[in-house]
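# Predicted coordinates and the sequence they were generated for:
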Amino acid sequence: MKIQFAMDTLTTEQALQWAAAAAPHVDILELGTPLIKSEGLRAVTAVKEAHPDKVVFADLKTMDAGALEAEIAFTAGADLVTVLGTADDSTIVGAVEAARRHGKGIVVDLIGVKDKARRAQEVVDLGAELVEMHAGLDEQAQEGYSLDDLLTAGRASGVPFSVAGGVSASTVADVQTAGAQIAVAGGAIYSADDIGAAAQALRAAVTVPV
């Protein structure tokens, strides 16, 4: 299982510092939506130039103009781009077509989707590389939130999926057991005093054979 580091910061400078610390222990470097809104796609280019050996994930959360937004992100250096699962099918298809032109991939983010398993199957049929079983920060802050709901949806989907929503060193083995291809961790890494050590601990906790 791969580890994806979601960098939820507002500056390219901070993202580059975090990426440098975590890169030896993660596979995918994600530029969070607030970072891209704050700094633009130049942040994607900067991270890709600094880490050409890593998969760079641009979390655009596209809802419309799928082909156009994917095109400009891939041109900037992104390897994977997100489209929202609540978007129209035509938006997803357009983004997938752009990805194929570049030899890259589209991840469909299922944040806010009620029936995640069903929509996951639909969007993979449309050409998405995988889906992200995702609960956002606001949802995670609500009383009663549990990562288990995402894991259940992932298992039920029967398609390639990642999990994002409070993944940590104490839960990452559960994510792998559920069959996820990618575990996405943000605050568990960047909120630590030592980002490199936190990323290393997360990697070390992935012990279940796949």
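Yep, that arrived.

# Next SSE downstream of the helix or strand bottoming out on mean pLDDT in the chain?
Ranking every helix and strand in the chain by mean pLDDT, DSSP states H and E puts helix 137-140 at the bottom, with a mean of 90. Where DSSP states H and E defines the elements, the next helix or strand beyond helix 137-140 is helix 148-157.

# What is that next one packed up against?
helix 116-125, strand 130-134, strand 161-164 (3 or more CB pairs under 8 Å, 6 or more residues apart in numbering; DSSP states H and E). Placement of C-beta: from N, CA and C, glycine included.

# So which bits of the first one are buried?
Which is helix 116-125. For helix 116-125, the neighbour count (16 or more other CB atoms under 10 Å) marks 116-117, 119-120, 122-124 as buried.

# Any figure for the gap between G196 and G32?
Distance of G196 to G32, computed by CB to CB, to the nearest Å: 19 Å.

# And for L126?
From L126 over to G32 the distance is 25 Å, taken as CB to CB.

# Which one's more surrounded, these two?
Per other CB atoms under 10 Å, whichever of L126 and G32 has more neighbours is G32, with 21 against 16.

# Contacts only, for that one.
Counting by CB atoms under 8 Å, 6 or more residues apart in numbering, G32 makes contact with 6-9, 59, 186.

# so which of the residues you listed comes closest to A21?
Set against A21, the nearest of the contacts of G32 by CB to CB is M7 (10.7 Å).

# Not counting sequence-adjacent ones, nearest residue to that closest one?
The spatially closest residue to M7, leaving aside those adjacent along the chain, is A15, at 4.8 Å (CB to CB, 6 or more residues apart in numbering).

# For the helix or strand where that neighbour lies, the averaged confidence score.
Assigned by DSSP H and E, A15 falls within helix 12-22. Regarding helix 12-22, the rounded mean pLDDT is 98.

# mind checking the longest strand of the chain?
Counting residues, the longest strand found in the chain (DSSP state E) is strand 55-62.
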